[in-house]
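Novice: take this sequence and fold it.
(one chain, ligands or ions: 1)
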Amino acid sequence: MIRTNRQLCNLSVRLTHRYVMGASDMDEWQDIGAYSFLSRRLIKEAAEYDELDTWAYTVRVDSKASPEQIEQALRSSLSGGGCTHAHDCCGCPTWHASDIKHIKRREWSVTVGGYRNL
Ligand SMILES: [Zn+2]
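Specialist: The predicted structure is shown next:
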């Protein structure tokens, strides 16, 4: 789910929260620009069997939106997962973005960790 190539991704603010995480595509989103991954650094290796490694990503943001909107959009765009299963045994990963910081100009830092639905 977390792509680290230079491909441009849509940067979107999630406007509604009517649907569960795995079905969040059905909520309303507003595109405010684009982002791409520049680099990543391993912050913490998974310590528990259901954890995922935690990475700090440097992303380039192309957007005319306010810093507050960009932060919110990065949080929405880099959090989530595809799991819609009711039972906790499918192993699907869920990601959460935190520590979103503006570094300089168009560069932002985002820490992304996660766990598996086990
Ligand atoms: Zn699942």
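
Novice: find the residue at the geometric middle of this protein.
Specialist: For the chain, the residue nearest the mean C-alpha position is residue 78 (0.8 Å; C-alpha atoms, centre = their mean).

Novice: wait, what's in contact with that one?
Specialist: 2, 57, 95, 97, 110, 112 (C-beta atoms under 8 Å, 6 or more residues apart in numbering). Any C-beta I mention is one placed from the backbone N, CA and C, and that applies to glycine too.

Novice: can you do 10 Å?
Specialist: Residue 78 makes contact with 1-2, 9, 11, 35, 37, 57, 59, 95-98, 100, 110-112, according to C-beta atoms under 10 Å, 6 or more residues apart in numbering.

Novice: do you know how far residue 94 is from the ion?
Specialist: 9 Å (C-beta to the ion, to the nearest Å).

Novice: with adjacent residues omitted, what lies nearest to that residue?
Specialist: The spatial neighbour of residue 94 that comes closest, neighbours along the chain excluded (C-beta to C-beta, 6 or more residues apart in numbering), is residue 81 at 3.6 Å.

Novice: that neighbour: how many residues sit nearby?
Specialist: Using other C-beta atoms under 10 Å, residue 81 has 18 other residues around it.

Novice: wait, it touches residue 97, no?
Specialist: No. Assessed by C-beta atoms under 10 Å, residue 81 is found out of contact with residue 97, at 11.9 Å.

Novice: shared neighbours, the two?
Specialist: residue 114.

Novice: just the C-alphas of the longest strand along the chain, formatted as CSV.
Specialist: Criterion DSSP state E: the longest strand present in the chain is strand 29-44. The C-alpha coordinates for strand 29-44 follow below in CSV (Å, rounded to 0.1, in the frame of the first residue of the first chain):
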residue,chain,number,x,y,z
TRP,A,29,-12.7,13.4,-0.8
GLN,A,30,-11.4,16.6,-2.2
ASP,A,31,-8.2,16.7,-4.2
ILE,A,32,-5.9,19.5,-3.1
GLY,A,33,-2.8,18.6,-5.1
ALA,A,34,-0.3,15.8,-5.4
TYR,A,35,2.5,14.2,-3.4
SER,A,36,5.4,11.9,-4.2
PHE,A,37,7.8,10.0,-1.9
LEU,A,38,11.4,11.3,-1.9
SER,A,39,13.0,9.0,0.7
ARG,A,40,12.3,6.8,3.7
ARG,A,41,14.1,5.9,6.9
LEU,A,42,13.4,3.0,9.2
ILE,A,43,12.4,4.4,12.6
LYS,A,44,11.4,1.2,14.5
